[in-house]
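# any chance you can model this:
(2 chains)
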Amino acid sequence: GENVEQHPSTLSVQEGDSAVIKCTYSDSASNYFPWYKQELGKGPQLIIDIRSNVGEKKDQRIAVTLNKTAKHFSLHITETQPEDSAVYFCAARSNTGNQFYFGTGTSLTVIP
Amino acid sequence: GAGVSQSPSNKVTEKGKDVELRCDPISGHTALYWYRQSLGQGLEFLIYFQGNSAPDKSGLPSDRFSAERTGGSVSTLTIQRTQQEDSAVYLCASSDRGIQPQHFGDGTRLSIL
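Below you'll find the predicted structure:
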């Protein structure tokens, strides 16, 4: 089955700086990669996703890049703000199954 | 509201008791997932329902865990003879046909004393 690894587990940045979170996956059949933000006491909320037919997607301060050859994808947050502080999860879904496989999460702290 | 609704939001029970957790998916969503999230950990897949197909139960950790989905909408996750290691947040998600993004509820925080 799929194995998704996520790094780093914790990340602290100064307000206004950029944050990058990286994930790797093992199943070359995976074709859909969402990113979720989870605030304390809440469920994960989808913030951006990418499908395997594109290499990059951007939504305001958030972008995701995908390298299918290397089987890794990354989340980029620019001009970070304190409200970006949360736990971020990456996930991968294979076109051969029903399951989403999640990374172990990155706790992001933006220091004012 | 239009989101995924889970109840109760918190549940405290004694070891050995049975518990039922409820999930109301977004209206029209045919796919429904249950996950378990232990403190500071990622999401562990439990079970997946898609329409009228047989559910994918491959993630259920033991036969004490079961789930059903009535009428293709509301789902109930049941844990029998609860153990302390069952303490976790149980999250439900739904999506349109299972190929679109998942939308999560806020979970049920289960504590076994």
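# any part of the helix or strand harbouring B:Leu46 near chain A?
According to DSSP states H and E, B:Leu46 maps onto strand B:43-50. Yes. Strand B:43-50 lies within reach of chain A by C-beta under 8 Å from any C-beta of the partner chain, at B:Leu43, B:Phe45, B:Tyr48, B:Gln50. The way it works is simple: take the backbone N, C-alpha and C, and place the C-beta from them, glycine included.
# taking those residues, tell me the two that lie furthest apart.
For those, the farthest-apart pair by C-beta to C-beta is B:Leu43 and B:Gln50; their separation is 18.3 Å.
# OK, contacts around the residue nearest to A:Tyr36 when sequence neighbours are not counted?
By the measure of C-beta to C-beta, 6 or more residues apart in numbering or on different chains, the closest residue to A:Tyr36 outside its immediate chain neighbours is A:Pro44, 3.6 Å from it. Going by C-beta atoms under 8 Å, 6 or more residues apart in numbering or on different chains, A:Pro44 touches A:Tyr36, A:Lys37, A:Gln38, A:Phe89, B:Leu43, B:Leu91, B:Phe104.
# before we move on, what about B:Gln84?
Here B:Gln84 is in contact with B:Lys15, B:Ile112, B:Leu113 (C-beta under 8 Å, 6+ apart).
# pull out the buried residues from the residues you listed.
B:Ile112 (16 or more other C-beta atoms under 10 Å in any protein chain shown).
# what about stretch B:57-69, average pLDDT?
In this model, stretch B:57-69 carries a mean pLDDT of 94.
# brain fart, stretch B:97-110
86.
# equivalent analysis for stretch A:29-46, please.
For stretch A:29-46, mean pLDDT rounds to 93.
# start and end of that stretch, how far apart?
The stretch stretch A:29-46 measures 22 Å between its terminal residues, going by C-alpha to C-alpha, to the nearest Å.
# for the one residue in chain B that gets nearest to chain A, which non-adjacent residue is spatially closest?
Closest contact between chain B and chain A, by C-beta to the nearest C-beta, is at B:Phe104 (3.5 Å). With C-beta to C-beta, 6+ apart as the criterion, B:Phe104 has its nearest non-adjacent residue at 3.5 Å, and that residue is A:Gly43.
# the one you found belongs to a helix?
No. Under DSSP: H, G, I helix; E, B strand; the rest coil, A:Gly43 falls outside any helix and is assigned coil.
# and it, how many neighbours?
22 (other C-beta atoms under 10 Å in any protein chain shown).
# relative to B:Gly105, how far out is it?
Per C-beta to C-beta, to the nearest Å, A:Gly43 is found 5 Å from B:Gly105.
# anything in contact with each of these two?
Common neighbours of A:Gly43 and B:Gly105 (C-beta under 8 Å, 6+ apart) are B:Val4, B:Leu91, B:Ala93.
# hang on, the earlier thing: helix or strand right after the strand holding B:Leu46?
Of the helices and strands lying after strand B:43-50 in sequence (DSSP H and E), the nearest is strand B:65-69.
# how far away from the center of its chain is the helix or strand following that following strand?
Sequence order places strand B:75-79 as the next helix or strand after strand B:65-69, per DSSP H and E. Distance of strand B:75-79 from its chain centroid, counting by C-alpha atoms, centre = their mean, to the nearest Å, is 6 Å.
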